[in-house]
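Visitor: Pasting a predicted model and its sequence here:
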Amino acid sequence: MRNCEQARDLYIKGSSISGIASELDVSLQTVYSWRKSDEGTEKDWDKAKRVYLMSPVELSGIFMDSVKKMILEISEDPMKLADPKYADAITKCIAAMKKIDPMYNYMGASLDLMRVIDQYLKKTDTELAKRMQSHWPGIKEEMERFATRDGLF
């Protein structure tokens with residue numbers, strides 16, 4: 001690995017510029033120069049460091065946004081699902097999402113359960129189903145609070 005690449009890797013993982021210069025036995029100016037030369041490119045040190053330091057929740061948020069964009073594209077052009085690569089990509093994204101953030105699994109299962117209960121009530125007790133409609137959002141918020149506050153996630 002070239003010194004410049006080693007310096008970038010050390011920087012991304014939290015080393016200071018002076019620490020990098022000392023470890024690689026180069027001047028501070030050299031390290032600053034390497035960092036500056038990659039600025040605004042795909043190798044941008046600061047961008048890479050921000051991504052490296054992201055929490056799983058931040059990563060899952062970004063990932064979920066991209067999945068939502070894909071789903072929006074499908075809703076605008078359902079024929080995209082005719083392309084197996086597109087459908088497979090969505091499936092893989094959702095599977096990856098579940099691995100990144102266990103709360104996604106918990107909330108997904110909980111929301112599925114809420115839907116089943118709602119469907120059941122619509123079949124068996126329409127009056128109660130109507131009354132419950134205003135409560136589902138509050139129940140969802142309480143589940144989220146429980147999952148984070150009580151140490152579940």
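Guide: Great, that's in hand. Numbering: from 1, shown residues only.

Visitor: SS state for the spatially most central residue of the chain?
Guide: In the chain, the C-alpha nearest the mean C-alpha coordinate belongs to Ser60, at 1.4 Å (CA atoms, centre = their mean). The three-state assignment at Ser60 reads helix, by DSSP: H, G, I helix; E, B strand; the rest coil.

Visitor: chain center to stretch 69-77: distance?
Guide: Per CA atoms, centre = their mean, to the nearest Å, the displacement of stretch 69-77 from the mean C-alpha position of its chain is 19 Å.

Visitor: quick revisit: state the distance from the residue nearest to the centre of the chain to Ile90.
Guide: Distance, Ser60 to Ile90, by CB to CB, to the nearest Å: 16 Å. In this view, the C-beta of every residue, glycine as well, is placed from N, C-alpha and C.

Visitor: With Arg2 instead?
Guide: Counting by CB to CB - Arg2 and Ile90 are separated by 38 Å.

Visitor: cool, and Thr126?
Guide: In terms of CB to CB, Thr126 sits 34 Å off from Ile90.

Visitor: Then Ile74?
Guide: Using CB to CB, Ile74 is found at 8 Å from Ile90.

Visitor: Next: Thr41.
Guide: 30 Å.

Visitor: Please say which of those two ends up with more neighbours.
Guide: Ile90 (16 against 9; other CB atoms under 10 Å).

Visitor: Confirm for me that that one is in contact with Lys69.
Guide: No - counting by CB atoms under 8 Å, Ile90 does not reach Lys69; the two are 10.8 Å apart.

Visitor: before we move on, back to that, tell me the confidence at the residue nearest to the centre of the chain?
Guide: pLDDT for Ser60: 71.

Visitor: quick one, helices of this protein?
Guide: Assigned by DSSP state H, the chain shows helices spanning 3-12, 17-24, 28-38, 45-52, 56-76, 84-100, 102-124, 126-132, 136-149.

Visitor: which of those helices is buried the deepest?
Guide: helix 3-12 (a mean of 17; mean count of other CB atoms under 10 Å).

Visitor: Taking helix 28-38 as reference, get the angle to it.
Guide: If you take axes from the mean of the first three to the mean of the last three CA atoms, to 10 degrees, helix 3-12 sits at 90 degrees to helix 28-38.
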